[in-house]
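1. Compute the structure for the input listed below.
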Amino acid sequence: MTEKNNNNNNDDITLQSVKDSVVNLLLTLYSMLQGVFIFFFRNKFIILICLVLFSGMGIVLAMRVKQVYSLKMIVSHNELTKRTYAEAIEQLNRLAQSKSYKQLSHELNLDETNAESIRGLIAYNMNGGILLGDTSTTREQPFIIEAEVFNNSVADGLQESLLTYFNANKYLKAKKEIQKRIFEEKLVFILSELEKLDSLKKQYNQFLGSSGKSAMFYNNAFNPAEIYERSSEYQQQKESAISWLNNEYQTIKVIEGFKPVIKPVDGLKGRIALYFVLGGMLIGCFLAALIELHKLSKRKSA
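-> This next block holds a predicted model:
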């Protein structure tokens with residue numbers, strides 16, 4: 001019986017201590033909030049002045065910051081590695097980042113006013129990885145060129161300038177010219193051979209028509225089946241050569257070009273204004289704290 005009473009007393013003490021702890025915690029929080037309120041109420045003018053001043057500065061600065069638009073273009077390459085193209089784009093990006101607009105205008109053969117609208121250039125893989133880190137040597141793979149601009153009306157001009165920058169490269173252009181001559185000469189030869197084969201097929205068909213029956217055996221000098229096989233091979237080679245001349249002559253070609261966007265992607269203006277508002281609040285509180293400490297030290301010295 002005595003043991004049961006002791007257990008009940010211990011339970012009562014434990015519950016009472018928990019209640020007291022919760023009450024003390026609430027009183028402490030109340031005291032802290034009261035102190036913060038009194039601090040802000042006493043120094044409201046100082047904090048408000050700092051807040052207004054810094055907010056005004058932030059708004060003025062944010063209004064002077066240019067809005068940034070993001071333009072994306074998907075391209076395909078057929079000569080150099082993707083990393084080589086990425087390094088060339090990075091060089092252009094450095095000119096834009098350093099505001100070397102005259103040099104950038106010269107490199108891209110772009111009007112200097114439009115060059116000043118370019119904030120930066122960067123290349124990505126289709127999976128979103130930065131192209132500079134790509135070590136693959138596979139060609140004919142698309143990648144993305146992203147341009148950050150202050151004016152999205154430069155989209156068309158910038159796209160053409162970038163294509164010309166790569167396709168008019170002296171080394172690549174000379175290499176492509178050699179390949180072009182080879183394919184053109186190959187195409188001339190193929191067309192000549194096809195013309196000869198067509199003539200043979202025509203003569204053979206005339207022979208069959210005049211004889212009224214098909215030949216079952218051929219000598220080694222003439223086999224009609226080989227003519228048709230060879231004609232089919234030349235036809236495939238012809239299509240391949242024409243396809244290269246039409247599609248592969250350029251070192252880089254557009255799959256999907258730049259498209260002007262309406263909304264800016266960079267929320268820098270809002271962040272600047274927010275940072276200045278927070279900065280004004282913090283500086284106002286800091287000055288108010290210094291004043292409170294100064295008053296407290298005077299009281300203690302008195």
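
2. what does stretch 112-127 rub up against?
-> Residues from elsewhere that reach stretch 112-127, judged by Cβ atoms under 8 Å, 6 or more residues apart in numbering: 68, 74, 82, 85-86, 89-90, 92-93, 96-97, 101-102, 104-105, 108, 130-132, 134, 141-151, 154, 157-158. C-beta coordinates here come from the backbone N, C-alpha and C atoms, glycine included.

3. try 7 Å this time
-> 68, 85-86, 89, 92-93, 96-97, 101-102, 104-105, 108, 130-131, 134, 142-151, 154, 157 (Cβ atoms under 7 Å, 6 or more residues apart in numbering).

4. among the residues you listed, which are in strands?
-> The strands, defined by DSSP state E, take in 142-149 from those.

5. can you give me the strands for the stretch 1-150 of the chain?
-> Secondary structure of the stretch 1-150 of the chain (DSSP state E, counting those that start in this stretch): strands at 69-77, 118-124, 142-149.

6. out of these, nearest to residue 240?
-> Residue 240 lies closest, by Cβ to Cβ, to one member of these: strand 69-77, at 17.7 Å.

7. List the buried residues for the closest one?
-> 69-71, 73, 75-77 (16 or more other Cβ atoms under 10 Å).

8. tell me the helices in the stretch 201-302 of the chain, going along the chain?
-> Applying DSSP state H, counting those that start in this stretch to the stretch 201-302 of the chain gives helices spanning 224-243, 268-301.

9. Please tell me how far the longest one is from the chain's geometric centre.
-> I take that to be helix 268-301. 40 Å (Cα atoms, centre = their mean, to the nearest Å).

10. before we move on, back to that, among the strands of the stretch 1-150 of the chain, where is the model least confident on average?
-> Mean pLDDT values for the strands of the stretch 1-150 of the chain show the minimum at strand 69-77, a mean of 87.

11. what angle do that one and strand 142-149 make?
-> Counting by axes from the mean of the first three to the mean of the last three Cα atoms, to 10 degrees, strand 69-77 lies at 150 degrees to strand 142-149.

12. Pairing partners for strand 69-77, with directions?
-> According to DSSP bridges, strand 69-77 has the following sheet partners: strand 142-149 (antiparallel), strand 252-256 (antiparallel).

13. Any idea how far apart the tips of stretch 134-150 sit?
-> Start-to-end span of stretch 134-150 (Cα to Cα, to the nearest Å) is 29 Å.
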